[in-house]
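*Asks:* sequence unknown, structure follows:
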């Protein structure tokens, strides 16, 4: 548990994100607010992903910051007053729907769209000879995509 001053700063940062402050305003104006949240299983997975990002030229975050934001993010995402919400586990090779409060066709179609996007990323990686970065058994790995992977993760649009 962060010290009270740190917890207060964390809440302030979350509330300072402009679109979050405007959700109630949008809903009052008649807009439907839908949210898709991509989650990881643990702070350790988030730490590993940041390490990969740093290797690719991205910015570093201290482990304690990642851990604090991981817990706060999960807590805060459930407290938002949105009309529809979906939470996906983004830890594995494909996104997995964990929670759903979807009341319309667009949101109910999102899981399938996520699977199509994952397959498309594999197609591009295969064509360009670029490894994909995924979690496998709790470890961040870089894998080359094979033709078999493309078949295994193929999405049948007729379903």
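*Replies:* Yep, that arrived. Keep in mind that this is a model prediction, so the values were computed, not measured.

*Asks:* which residues of this protein fall in strands?
*Replies:* For the chain, the strands defined by DSSP state E occupy 34-39, 84-89, 96-101, 132-136, 139-143.

*Asks:* Could you dump those strands into CSV with distance to residue 124, mean neighbour count and mean pLDDT added?
*Replies:* Where C-beta positions appear, they are placed from N, C-alpha and C, glycine not excepted. CSV is the format used below for the strands of the chain (distance: least, Cβ to Cβ, whole Å; neighbours: other Cβ atoms under 10 Å; pLDDT from 0 to 100):
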stretch, distance to residue 124, mean neighbour count, mean pLDDT
strand 34-39, 19, 16, 90
strand 84-89, 20, 19, 91
strand 96-101, 22, 14, 89
strand 132-136, 9, 16, 81
strand 139-143, 14, 13, 82
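
*Asks:* Which of those strands sits closest to residue 48?
*Replies:* strand 139-143 (4.0 Å; Cβ to Cβ).

*Asks:* before we move on, the earlier item: now distance to residue 71 too, for the strands of the chain, in a markdown table please.
*Replies:* Output for those, formatted as a markdown table (distance: least, Cβ to Cβ, whole Å):
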| stretch | distance to residue 71 |
| --- | --- |
| strand 34-39 | 12 |
| strand 84-89 | 15 |
| strand 96-101 | 16 |
| strand 132-136 | 19 |
| strand 139-143 | 20 |
